[in-house]
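Chemist: Generate coordinates for the sequence data below:
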Amino acid sequence: AHLLHPRHLVLCRLHRQIMQEAKRALDQGGCPLSGMGLSETDLVEVFLQAAAEVRLTLPLYLPPTHLQCAEAAEDMAAGITMLLARDRQRLFRVFPESMSDFSAASAAEARLRDEANSIRANYSAETHQADVATIASLEGVNLASQALRPAEQISAAAAKATDWSIFD
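Modeler: Model prediction:
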């Protein structure tokens, strides 16, 4: 791993695996590594550090509105919440530049949750319906006559004038 850049995609994948295993262990109510001297708080710290690495790496490969960016922000917020509840001083010590006290950590958590919600809002049904209406109006499709049809059919009818066959 020392031969790879810290933001290498392979390392990002490994950090995501670490996060998944940490989540699984925490969900099962105990730390499977407790025999090795790791507590649940240690596991939360590992989770949060991995989440921070993923969060720093994803924007290099994905657009900022990608759902994995929302997931990374939500995971980071969850890790902050867990460490605030279990061991605040550890959180402040591990992330001294961005979360040096309770108010900074709480603000960071709120920003991350807002970011995740904002990204997910781009994929909501309401946003989809608004996009369908915009496309339909541009293409001249009468939505009133389409009212009883599912959104997917309306979307297909509205976008049928566009030929995307070069991607087939």
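
Chemist: Only C-alpha atoms from now on, for both contacts and neighbour counts.
Modeler: OK.

Chemist: got a list of what residue 104 touches?
Modeler: residue 98 (CA atoms under 8 Å, 6 or more residues apart in numbering).

Chemist: what helix or strand is it on?
Modeler: Per DSSP states H and E: residue 104 is located in helix 102-121.

Chemist: Can you tell me the number of residues neighbouring the residue lying closest to residue 54 once chain neighbours are set aside?
Modeler: Excluding the flanking residues, the one nearest residue 54 by CA to CA, 6 or more residues apart in numbering is residue 12, at 5.4 Å. By the measure other CA atoms under 10 Å, the count of residues near residue 12 is 20.

Chemist: roughly how far apart are residue 12 and residue 60?
Modeler: 11 Å (CA to CA, to the nearest Å).

Chemist: Also residue 16?
Modeler: Taking CA to CA, one finds residue 16 at 15 Å from residue 60.

Chemist: Those two: which has the busier surroundings?
Modeler: Of the pair residue 16 and residue 60, residue 16 is the one with more neighbours under other CA under 10 Å, namely 18 against 12.

Chemist: Would you state the helices of this protein in chain order?
Modeler: Secondary structure of the chain (DSSP state H): helices located at 9-27, 40-61, 67-86, 88-94, 102-121, 125-139, 151-159.

Chemist: Show the average pLDDT along the fourth one.
Modeler: Spelled out, it's helix 88-94. Helix 88-94 shows a mean pLDDT of 93.

Chemist: List the buried residues in that helix.
Modeler: Buried residues in helix 88-94, counted by 16 or more other CA atoms under 10 Å: 88, 91-92.

Chemist: who does it touch, helix- and strand-wise?
Modeler: helix 67-86 (3 or more CA pairs under 8 Å, 6 or more residues apart in numbering; DSSP states H and E).

Chemist: Between helix 40-61 and the helix it packs on, find me the angle.
Modeler: Helix 67-86 runs at 160 degrees relative to helix 40-61, counting by axes from the mean of the first three to the mean of the last three CA atoms, to 10 degrees.
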